[in-house]
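Visitor: This is a predicted model, with the sequence first.
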Amino acid sequence: MKKYSLTTLIGFYLLAGFNHFIIPDFYIPLIPDYLPMPKAINYLSGAAEIFLALLLVYPKSRRSGVYGIVLLLFLFIPSHIYFISEGNCFEGYFCVSAFISWFRLIIIHPILMLWAWSHRNNFISFFN
């Protein structure tokens, strides 16, 4: 079960990371106006997600990958708050109900952190 969870976690962050490059227009409006260079932030976020997912593959670097994912998710919190403050909608990009926005921030985000955190002492090898 732990190996399945870890494999899914790696796939999740690889997909999320590549998505920043495939559909940047989805993510750029979610970056708060007060941050400079939103395109660079988007690509840096995607690259970080890919890099951290790859760190999860190897037992020796897994803990660093887990800590990095938790930190990255923490850094994404202002984006969620910004989205909520902007009315949960960026016309033509992404619109959801206020309930969904708050649910993502208060429930889903901590679950993602805990999911990664659960693998910090996991020394499963994919190569055995």
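Guide: All right, it came through fine. Numbering: from 1, shown residues only.

Visitor: Wait, residue 96 touches residue 89, no?
Guide: Yes. Using CB atoms under 8 Å, residue 96 makes contact with residue 89 at a distance of 7.4 Å. Just so you know, the C-beta spots here come from the backbone N, C-alpha and C atoms, and that holds for glycine as well.

Visitor: Neighbour count for those two, which is higher?
Guide: It is residue 89, of residue 96 and residue 89, that has more neighbours when counted by other CB atoms under 10 Å, with 15 against 12.

Visitor: In space, not sequence, find me the middle residue of the chain.
Guide: Against the mean C-alpha coordinate of the chain, by CA atoms, centre = their mean, the closest residue is residue 73 at 5.6 Å.

Visitor: Am I right that that one sits in a strand?
Guide: No. Under DSSP: H, G, I helix; E, B strand; the rest coil, residue 73 falls outside any strand and is assigned helix.

Visitor: how close does it get to residue 34?
Guide: Separation of residue 73 from residue 34 (CB to CB, to the nearest Å) stands at 20 Å.

Visitor: Could you do residue 13 as well?
Guide: For residue 13, the distance to residue 34 - CB to CB - is 26 Å.

Visitor: Neighbour count: those two, which is higher?
Guide: Of the pair residue 13 and residue 34, residue 13 is the one with more neighbours under other CB under 10 Å, namely 25 against 7.

Visitor: now what about the host helix or strand of that one, what contacts it?
Guide: Per DSSP states H and E, residue 13 falls inside helix 2-22. Helix 2-22 has contacts (CB atoms under 8 Å, 6 or more residues apart in numbering) with 26-27, 42-43, 45-54, 56-57, 69, 115-116, 118-119, 122, 124, 126.
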